[in-house]
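Q: Provided below for reference: sequence and predicted model.
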Amino acid sequence: MGTYSLQLSSENPFRSILKTLEKPDGGEFGNYYSLPALNDPRIGEFASI
């Protein structure tokens, strides 16, 4: 039998839409996901309620 190796990636697949929320005096509060960057048409439905 052969040996199989499974590598799990710890990289976030949504990293490209992760934005930094910066503090006005420098530094950052943390990160958030940019909803418009998701390109999901359902997002606009919730915003108009």
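A: Structure's in. What do you need?
Q: if I look at the residue nearest to residue 38 when sequence neighbours are not counted, how far off is residue 25?
A: Closest residue in space to residue 38, ignoring its immediate chain neighbours: residue 17 at 6.3 Å, by C-beta to C-beta, 6 or more residues apart in numbering. Any C-beta I mention is one placed from the backbone N, CA and C, and that applies to glycine too. According to C-beta to C-beta, to the nearest Å, residue 17 stands 26 Å off from residue 25.
Q: so what's residue 16 up against?
A: By C-beta atoms under 8 Å, 6 or more residues apart in numbering, the residues touching residue 16 are residue 37.
Q: Surely it forms part of a helix?
A: Yes - counting by DSSP: H, G, I helix; E, B strand; the rest coil, one finds residue 16 located in a helix.
Q: quick revisit: residue 17 and residue 25 - which one has more neighbours?
A: Between residue 17 and residue 25, counted using other C-beta atoms under 10 Å, residue 17 has the larger neighbour count: 15 against 5.
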